[in-house]
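> need coordinates for the below:
(one chain, ligands or ions: 1)
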Amino acid sequence: MTTIGDQLQQVRARIHQACAIAGRDAAQVQLLAVSKTFGPEAVRAAHAAGQRAFGENYVQEALDKIAALQDLRAELEWHCIGPLQSNKTRPVAENFDWVHSVDRLKIAERLSAQRPEGLPPLQLCLQVNVDGGANKSGVAPAELPALARAVAALPRVRLRGLMAIPEPAEGFEAQRALFARVAGLLDRLRSEGLVLDTLSLGMSADLEAAIAAGSTMVRVGTAIFGQR
Ligand SMILES: *Cc1c(COP(=O)(O)O)cnc(C)c1O
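Predicted coordinates:
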């Protein structure tokens, strides 16, 4: 039987291999373990195998899990990666370390206003709708620079970079090209003077293509915890 620890090892090996092929240092790519739908005991098993950063999609489920794992709180980093409505921002500002799914200014303003003084700034990524699907989450590339400048100016959050979930594409090259568009958007923002270091790109099925395009954080659920 495969344990969570074994599967984590396999994912780490995939990351190393993809970095070697891309000529990148594996230390530049962080692994975010996406624990949505799995219970606190799965997170404990991954933590025991050396994993610290965990991604969650659903706010209430995450709050229950964070509470159940309070004894490990100082050793864990919680990332909100799911769509976020404005009436849910307060518990997110109070309980998470990162939010990857910010796609409008109102959400970022609320997170900044609601981030408790005693905590470090909330780390943010802006989610970009890079393939233009009309009903997909994410800011349109044309609106990204203005949003990024406004979010970067907020006091209690720190803008770190971009996140995207491109549609599955046919083949490695097509997938890499979609991810590379997001990397290009990050480069443009940097050339305008924003200090950004994070590209949250790649999941279980496409992390190699994401790393080839410059991902610095892959979000992996199924390959670590199993089918949901
Ligand atoms: C569920 C999810 C993941 C993980 O997907 P897997 O295919 O299980 O690795 C990554 N990112 C987001 C935003 C998700 O919702």
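> hey, where'd the strands end up in this structure?
Counting by DSSP state E, the chain has strands at residues 30-34, 53-56, 77-80, 98-102, 122-127, 157-163, 198-200, 217-220.
> is the fifth one positioned near the ligand?
No. For a cut-off given as C-beta under 6 Å from any ligand atom, strand 122-127 has no contacts with the ligand; the smallest distance is 8.5 Å. Quick note: C-beta positions are derived from backbone N, CA and C, even for glycine.
> so for Ala134, what pLDDT did the model give?
Ala134 carries a pLDDT value of 65.
> ditto for Thr2
Reported pLDDT for Thr2: 64.
> touching, Ile21 and Ala212? I think so.
Yes. Judged on C-beta atoms under 8 Å, Ile21 makes contact with Ala212 at a distance of 7.2 Å.
> more neighbours: which of the two?
For Ile21 versus Ala212, neighbours defined as other C-beta atoms under 10 Å are more numerous around Ala212 (22 against 11).
> ok, Leu186 - contacts?
With contact set as C-beta atoms under 8 Å, 6 or more residues apart in numbering, Leu186 has these partners: Gly161, Leu162, Leu196, Leu199, Gly214.
> any idea how far His47 is from Arg12?
According to C-beta to C-beta, to the nearest Å, His47 stands 15 Å off from Arg12.
> now for the contacts of Leu186: which two are most distant?
Maximum pairwise distance among the contacts of Leu186 (C-beta to C-beta): 12.0 Å, between Leu196 and Gly214.
> between the two, who's got more neighbours?
Neighbours were tallied for Leu196 and for Gly214 using other C-beta under 10 Å; the higher tally belongs to Gly214 (20 against 17).
> excluding chain neighbours, what is closest to the more buried one?
Spatially, and ignoring its direct neighbours in sequence, Gly214 is nearest to Ala183 (4.2 Å; C-beta to C-beta, 6 or more residues apart in numbering).
> tell me the contacts of the one you found?
Leu199, Leu201, Ala213, Gly214.
> out of the strands of the chain, which gets nearest to Arg228?
strand 30-34 (9.4 Å).
> need the residues that contact that closest one.
Strand 30-34 has contacts (C-beta under 8 Å, 6+ apart) with 8, 11-12, 15, 43, 46, 51, 53-57, 79, 81, 200, 203, 216-221, 224-225.
> now the helices for this protein?
4-22, 40-48, 59-68, 89-95, 105-114, 144-152, 172-191, 207-212, 222-225 (DSSP state H).
> which parts of the second one are buried?
Okay, so that is helix 40-48. For helix 40-48, burial by neighbour count (16 or more other C-beta atoms under 10 Å) applies to Pro40, Ala42, Val43, Ala45, Ala46, His47.
> mind giving me the packing neighbours of that helix?
For helix 40-48, the elements it packs on are helix 4-22, helix 59-68, helix 222-225, judged by 3 or more C-beta pairs under 8 Å, 6 or more residues apart in numbering; DSSP states H and E.
> can the last one be said to contact the ligand?
So that's helix 222-225. Yes. Residues of helix 222-225 contacting the ligand under C-beta under 6 Å from any ligand atom: Thr222, Ala223.
> can you list the residues of this protein near the ligand?
By the rule C-beta under 6 Å from any ligand atom, the part of the chain lying against the ligand is 34, 36, 57, 81-82, 165, 203-205, 219-223.
> let's see that with 5 Å instead.
Neighbours of the ligand within the chain, by C-beta under 5 Å from any ligand atom: Val34, Asn57, Ile81, Met203, Ser204, Arg219, Val220, Gly221, Thr222.
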